[in-house]
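# predicted coordinates and the sequence they were generated for:
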Amino acid sequence: MKLKAFSLLELMIAILLSGFVISAIYSGYVFTVQQFYKFTSIKTEIRNYFELSEVLNREFENAKKVIKKSSNEIQIESIDKTIYYSFNDNNIIRTIAEQTDTFFFAVTAIKMNTINELIQDPIVDYLVLTIGNEEKEKSLSFYKYYGAVTLIEE
């Protein structure tokens, strides 16, 4: 009686082919996961960029005064609160009362225009921040339009 079975050569070829298929599938999986994490990282950076831009823009618009405290610090005075911003090399720190928010952006350049440098607290009418690294620098511009009464008082 003859038994039907696979030969040793057929088994070796089947193992070799399944090894190729499994390695190809695994390589595709690893590539997909890496691209997903890269996409997630870029998406988070873009979201943080727009969040910083939106928050600073809204606070500039709603402010009574934007005061220059130093070359890398401003104070935004609104009707009901005072907000402090500190622009450092590796981050931007926003402080309201006891709450502190940190935006992790490298600030490479800060340009502030003040209305009157001679007074103790000069008023800022526009702020331009350059953030990012040398490859991907982005500029954020914020403008504060003061009424005539505010300018005359100063």
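Done, it's in. Numbering: from 1, shown residues only.

# so what's the gap between the longest helix seen in the chain and the chain middle?
Ranked by residue count, the top helix of the chain under DSSP state H comes out as helix 8-62. For helix 8-62, the distance from its own C-alpha centre to the chain's C-alpha centre is 20 Å (Cα atoms, centre = their mean, to the nearest Å).

# helix or strand next in line after that helix, which one?
Once helix 8-62 ends, the next helix or strand along the chain (criterion: DSSP states H and E) is strand 65-70.

# after that following strand, heading C-terminal, what element do we hit next?
In the C-terminal direction, the helix or strand that comes right after strand 65-70 (DSSP H and E) is strand 73-77.

# how much does the longest helix of the chain deviate in direction from strand 65-70?
Relative orientation of helix 8-62 versus strand 65-70 (axes from the mean of the first three to the mean of the last three Cα atoms, to 10 degrees): 110 degrees.

# and residue 125, how many residues sit next to it?
Applying other Cβ atoms under 10 Å, we find 17 residues neighbouring residue 125. Backbone N, C-alpha and C define where each C-beta goes, glycine included.
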